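[1] model the structure of this input:
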Amino acid sequence: MSLFVRFGAAAAVSSLAVAMAAVPAYPARSDPRYPATGNGTAFLDHGALLGDVREPGWYEANIPFVDLPDQEIRDTYYYRWRTFQEALKFTGPKDGWIVTEFLGPVGYSAPFGGINAAAGHHIYEGRWLRDRRYLDDYLDYWLTGSGSEAKPATEGLNRNTTDWAHQYSFWAVDAAVARAEVTGDWRFPLDRLPALRKQYEGWKKSNFDASRGLYWQTPVWDAMEYTAGSYQTADPYHGGDGFRPTLNAYQYGDARALALLLRKAGDTTAASRYEREAAALSRNTRQQLWDGDFYKHVQREATTPIADRELMGYVPWYFHMPPASDAKAWAQLTDPQGFAATYGPTTTERRSPWFMHDALAGCCRWDGPSWPYATSQTLTALSNQLLDYPAQPYVSRDDFNTLLRGYALTQRKNGRPYVAEAHHPDEDRWIYDGQGHSEDYNHSTFTDIVLSGLFGIRPQPDNTVRIAPLAPASWDHYAVENVPYHGHNLTVLWDRTGAVYGQGAGFRIYVDGVLTTQSATPADTRVRVGAAAGQSLPALVDDAANPAESGYPAARASYSWGDDRPAQAIDGQNFHLDTPTTRWTTWQSPRRGDWLEVDLGAASIVSDVRVDFYDDGGGVRTPDSFTLAYDKDGVWQDVPVSAPAAGTINRVVIDPPVRTDRLRVTATRDNGGAVGITALQSWRRPDPRLRVDLPATVNVDAGSTFRIKSRVTASRTTPEVRVELATPRGWTATPRTSASASSLAAGDTLTTTWKVTVPPDARLTDRLPLRALARSGGSLGRVSSAVTTTAYQFDPADYPAVTWDDDFTTDRLGSYRADHPVAEPSPALAVTDGMLTATADKRSFAVLSAPVPVAPDGTALILTPGRFSGASPEDSLFLGASAGDPDNALAWYNNFHGSSGADVRRGGAGRPEATGGCCAAYRWEPGDRLAVLLRWGHLTTWAEHEGTWTQIHDAPISEAVDDPALATWSPAFGVRLDPGTLAVDRFTVRTRPVS
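    As a prediction, the model looks like this:
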């Protein structure tokens, strides 16, 4: 989402004044929650087909409904739409919606939890949704948003590539075009042609071998670690680099897709270039990876394929890459010594000596297990073989349906639909299924296979659709109803006797509820649907969403149970699983009613609040009543609400809208008992004519003033434009240049300079936001916005009073107090040659406290390491404050692990909640300095490299901004090491002068 701006007034305002007043007279727009379905058919009982799902209105508005005699396939179809909905995550105004792979984030993901390994699957699956905003945002995330940004080129994140969209192999352009073939919206990919070409060309820069005319890939970055080919190298986890059917087929598909787009754009020269590249890649792939009966992995240094067949050998058919003569490869799919399995297909053929090698020893080994990622690729490839190639004797429609039914049966656990990471090929059990990690794993397709394969809805680049069902000839009936296709509704009906759907016997196709085609039996049919219809759904922003669960917006509550934290109610997701959780609950609260509050940090416009109550059918239930209130001048003002509804999102439209920085929901059970909220949202509709920009971050200090510029740019002529800068409470913002314009022409920008005053008691470790809000005359409640984050940038010069400085040119060890936070002996300490050395022959630890106090309004400690011992695993320095063995707050840097964190102890007890989380990556280099700032009740850790200070960790150590208890503590540094010697060059303590 890119249309998110901000709004304003032309006078100096305190944040309280800005935050709480009602918005001047313009009415709220009650935007539709979901897209209208339009004209269609009503042959199926949608409610009965959905069963007991949360928010049935979402499914009714978005998905094609299917009916078929195979209950396992049918139930899996609806289950997989549920898992897809769970995976939708709103990340904020910059990127909007993404589709996640894991329901909980993992450490190797792109920003907000995106992983491009299965993004092609996500786009193929989600292309059938009526609401296009999800994939509009998701494609932009990978092409131009956070998913396209730089990543570290490390072994753990793919050392061969430098951006997230190339972390794993990805068929981005092909998927974007496949999606356009369903929506009929060609303007979307055409507008993004430069980014799509950049994505394709990126693989050329990193993974193309011009001498071979092929792309190579490391198997783990194909999302396939521990493969049959990998085990034949010195690195079984990553696998040896090789030329593989996967990335070469993906690039073939992307080149063909680019050619199609370029021809639509009228650039035949560029289109011909990509067509030639695709032809050459197809030719080279067959010459080098085809061994006469299968496409195989070729080690990068080799010229012939490995002996083992792997299921990825079918991927070329996903993109119609192989010639018809290669169909013999499909014989392996049903061969008992090939890939056939009850819960298959297998990822490596059974005749391979590497089949299931160590596969049961732990995740994740793609040498035999049944893997939904590859199964879905294979089924798509098989449907292409059956529908788009000449007839052949190796596989049939029956084989497709047997494999599809087996795939549905695989997706079961305890008799209920379920998908995890990998399944045993011969036993009814998932073998890679980590609790709180693998549930409802969104890493494959299923609904797309049902729609495009089983029902044969074959999207086209023109205003037609091909219907070529692969459904079993023995079925007496099936239906797929109101498929969103080119902005129309497509229904396909087969009823052998006419008794099931009451529309007569035979095969029928409807467009927008009108019968267009009928025949006695299902047939391969081309249907004209008419010109593609656009979709005019407004872009919306959830101002309460904070998927990072840090900073602002911030959630707090009157009571919370265990891990059901308030932040999880505003994390951008609202699924209803027990694990992983994304909810706040009051389980075992002593009160009848509790509240959940969202603090935006700086005011926004609130008009559309949505509350999704969590209900597990047991101890946590939908409340009997709830209230919604907003903060106005420090007083909570109630908003009229209806009784809470179970199983659906409770929506409150506030008209007229209010300007506020805090919302609070109070939920009550009449007879006691717990309540929960899985999503508390505040949706705002931006003005599509206005884009607002602020700097990404602003460096500030408490008690200071600074200037910042907001920019409001019009995409078309817009009258009466006004902008204001909303600040945190206690701050003020004064416009120093005009904050309004009688009119902005297309392309014009209103630039406003603001003077912002920060109060002396501002707690800048909280990274408080500034929000610019922009609106225009007659905007009907549409307010564009932009947010920046304020942060403190450490500078030793801000602490000019030096209260202790030890450069170790003289021995002052007797001035320090030695503390021991843990029962370990002290190392031998000595001052020689201008350094303090610590030497140990076993694990040793000591903290040296300087004979000066910690200043309550800010103390900076700067440590210059001399050298580290190289010992393992303890080779660490500590820096912070200490009041003796039982009371200390110390940041640490472990040189062996290259990581930093903090330990906080009060009264001899550790306080894990005050560590700021573990751990931050950092690698010291000679000449770097370390610093700790004790200020605002926080301990922040900084590192100086080549003159620039960078924050690496933050730990909250006190609820008070200036904790008076810390004034009795001493600045301190410590050493902890295993056998060896480390050295410190200098230790300095600096404070701010007392005002």
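[2] Pro956 against Leu934, yeah?
    No. Applying CB atoms under 8 Å, one finds Pro956 not in contact with Leu934, separated by 11.8 Å. Placement of C-beta: from N, CA and C, glycine included.
[3] more crowded one of these two?
    A direct count of neighbours by other CB atoms under 10 Å for Pro956 and Leu934 places Leu934 higher, at 29 against 21.
[4] tell me the contacts of that one?
    Counting by CB atoms under 8 Å, 6 or more residues apart in numbering, Leu934 touches 854, 858-861, 880-881, 889, 957, 966, 971.
[5] point out the least confident one among the residues you listed.
    Ranked by pLDDT, the contacts of Leu934 bottom out at Leu966, which has 78.
[6] and what about that one, helix, strand or coil?
    Using DSSP: H, G, I helix; E, B strand; the rest coil, the secondary structure recorded for Leu966 is helix.
[7] also Ser452?
    When states are read from three-state DSSP, the local structure at Ser452 comes out as helix.
[8] any idea how many residues pack against it?
    By the criterion of other CB under 10 Å, Ser452 has 25 neighbours.
[9] surely it touches Gln460?
    No. When contacts are counted by CB under 8 Å, Ser452 is not listed as touching Gln460 (11.7 Å).
[10] are any of the contacts of Leu934 buried, and if so which?
    Applying 16 or more other CB atoms under 10 Å to those, the neighbour count classes 854, 858-861, 880-881, 889, 957, 966, 971 as buried.
[11] is Asp599 in a helix, a strand, or coil?
    When the structure is split into helix, strand and coil by three-state DSSP, Asp599 lands in strand.
[12] sec struct for Ala532, please.
    Assignment for Ala532 (three-state DSSP): coil.
[13] could you pull out the buried residues of stretch 515-522?
    Across stretch 515-522, burial judged by 16+ other CB under 10 Å covers 516-517, 522.
[14] actually stretch 867-887, not the one I wrote
    Using 16+ other CB under 10 Å as the burial criterion, the residues of stretch 867-887 that qualify are 868-869, 871, 874-884, 887.
[15] where does the stretch 851-995 of the chain dip in pLDDT?
    Low-confidence regions of the stretch 851-995 of the chain, defined by pLDDT under 70, span residues 913-914, 959-963, 994-995.
[16] nope, the stretch 151-300 of the chain is what I meant
    Judged against pLDDT under 70, the stretch 151-300 of the chain has no low-scoring part.
[17] repeat that for the stretch 501-650 of the chain.
    For the stretch 501-650 of the chain, applying pLDDT under 70 flags no range at all.
[18] quick one, helices of it?
    Taking DSSP state H, counting those that start in this stretch as the criterion, the stretch 501-650 of the chain carries no helices.
[19] quick one: the strands in it?
    Chain-ordered strands for the stretch 501-650 of the chain, with DSSP state E, counting those that start in this stretch as the definition, fall at 506-511, 514-519, 525-528, 541-542, 554-557, 584-585, 593-613, 625-632, 635-639, 650-668.
[20] the third one pairs with which strands?
    Okay, so that is strand 525-528. Sheet pairing here is set by DSSP bridges, and for strand 525-528 it gives strand 464-467 (antiparallel).
[21] past the strand it pairs with, which element shows up next along the chain?
    For strand 464-467, the succeeding helix or strand toward the C-terminus, using DSSP states H and E, is strand 477-485.
[22] for Leu289, which non-adjacent residue is spatially closest?
    Excluding its sequence neighbours, the residue lying closest to Leu289 (CB to CB, 6 or more residues apart in numbering) is Tyr295, at 5.0 Å.
[23] can you tell me how far that neighbour is from Gln332?
    With the distance defined as CB to CB, to the nearest Å, Tyr295 ends up 11 Å from Gln332.
[24] higher neighbour count, the two?
    Under the criterion of other CB under 10 Å, the comparison of Tyr295 against Gln332 puts Tyr295 first, with 29 against 22.
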